[in-house]
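In: have a look; sequence and predicted model below, questions after that.
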Amino acid sequence: MPAVTRFDFDPSTSVVGMSIRLETLALAGVILLVLLFAALSAGRSRSSATTGGSDDGPRLRRDDLILMAFGAVPGAIVGGRVGYALVHFDYYAASPAAVTDPSQGGFGLTLAVVLGTIAAVAVARLLAAPIGRWLGAVALPLLVGLGLGKLTMVLGGVGQGRYSDSALATSYTGGGPWGSANPAFSALPSQAIEGALILAVAVLVVVVPAVMRFRIKVTKREIDLYRAPRRDWLLLTGGRRYLTVLALWAVVRFAAEFTWRDAHVLGPFVADQIPLAAVIAVCLFGPAVVGDVRRLRRGVAGRVGARRAARRAARLAAKAARAEAETAEAERIAASAAATEDLGVEQTAADSGS
């Protein structure tokens, strides 16, 4: 039988006389690392990545990053709490007041990421910051942070999945307290598996485009290996980069949740996989749908504008025709009056001769 990894340590430590859990300290370090990584990415962000990578445009303002990060916190808290309540819907349906009690239960990650992103985008809009460029800059740091954040949960015994005796299984034999029920029983470390897969995806996001730049030129005398000029992929540029990374994270999390202990609510799927499926669908098809809607709006606006222009041209033409008719009538009346006057003069001259 494969050996099970057993952890036997104190999950808390003393800092300035206060007892703090190790996972809390590690998570604080991860947040700081993500902010530093995002600030570095913001400094290297290019203003025209889709048109050849010119660095002539202004850099992103790093002080905006702090404001957007603080702005994301309320959205993440609300989304996390709502997501947790949805996963444990039976309990919170019977005790709805417990949803607003932070001491009861925990937070779900899926909706925390989604609503946190929406809140950060709202703050960026208020700051008149370039939202697309910021999303592209923070995509990879966020992915790394999500992966490392999951790994920190190992320090608190949080996220033990299905019971198992496989080589991947872990158990906690120390005094605790631990974050999972029955920590001494060997189980799949769902949070650690998810974190490792997320970090693997982050590596692929960086490595695959770099490897794809290599070209091989074969001649009669030699084989030449060289790197082609950098060309950003559409799916890894600006706001699309964030959506791509978010979709990859959702796919990894969706797969890792098959190792959870949660009850199945729809066939083999647990409750949190349902919003994850929606996130994947929105990230994959959302840009196309938005583009179609914009093209439809432009088409409708164009047709409406053409009709308005045609009606305006018709009104102007009718007005010009009326003005021309009035001018012609005035000329006719003036000519008639002149002819009548000439006739009167001739008649007077004839009478005088008589």
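Out: Thanks, I have the structure now.
In: please count neighbours and contacts with C-alpha atoms only from this point.
Out: Will do.
In: what about D262, which SS state?
Out: State at D262, reduced to three classes by DSSP: H, G, I helix; E, B strand; the rest coil: coil.
In: name the nearest residue to it, ignoring sequence neighbours.
Out: The shortest distance from D262 to any non-neighbouring residue, by Cα to Cα, 6 or more residues apart in numbering, is to V270 (6.2 Å).
In: then L111?
Out: Computed as Cα to Cα, 6+ apart, the closest residue to L111 that is not its neighbour in sequence is G79, at 4.6 Å.
In: which element is the one you found on?
Out: helix 62-87 (DSSP states H and E).
In: chain center to that helix, what's the gap?
Out: In terms of Cα atoms, centre = their mean, to the nearest Å, the centre of helix 62-87 is set 14 Å apart from its chain centre.
In: pLDDT score for the residue nearest to L111?
Out: With respect to pLDDT, G79 scores 93.
In: repeat that for Q273.
Out: At Q273, pLDDT is 91.
In: go on, G267?
Out: pLDDT, G267: 85.
In: roughly how far apart are it and M68?
Out: In this view, G267 and M68 are 39 Å apart by Cα to Cα, to the nearest Å.
In: cool, and A196?
Out: With Cα to Cα as the criterion, A196 and M68 are 27 Å apart.
In: more crowded one of these two?
Out: M68 (23 against 17; other Cα atoms under 10 Å).
In: which residue, other than its chain neighbours, is closest to that one?
Out: Distances taken as Cα to Cα, 6+ apart put A120 closest to M68, at 4.9 Å, once the chain neighbours are dropped.
In: next, count neighbours for that neighbour.
Out: With other Cα under 10 Å as criterion, A120 counts 24.
In: which ones are touching it?
Out: Each residue near A120 by Cα atoms under 8 Å, 6 or more residues apart in numbering is listed here: 68-69, 71-72.
In: name the element it belongs to?
Out: Going by DSSP H and E, A120 is in helix 109-126.
In: quick one: buried residues of that helix?
Out: 109-124 (16 or more other Cα atoms under 10 Å).
In: which other helices and strands does the helix or strand just after that helix contact?
Out: Reading on from helix 109-126 to the C-terminus, the next helix or strand found by DSSP H and E is helix 131-152. Secondary-structure packing of helix 131-152 (3 or more Cα pairs under 8 Å, 6 or more residues apart in numbering; DSSP states H and E): helix 22-44, helix 109-126, helix 190-211, helix 238-256.
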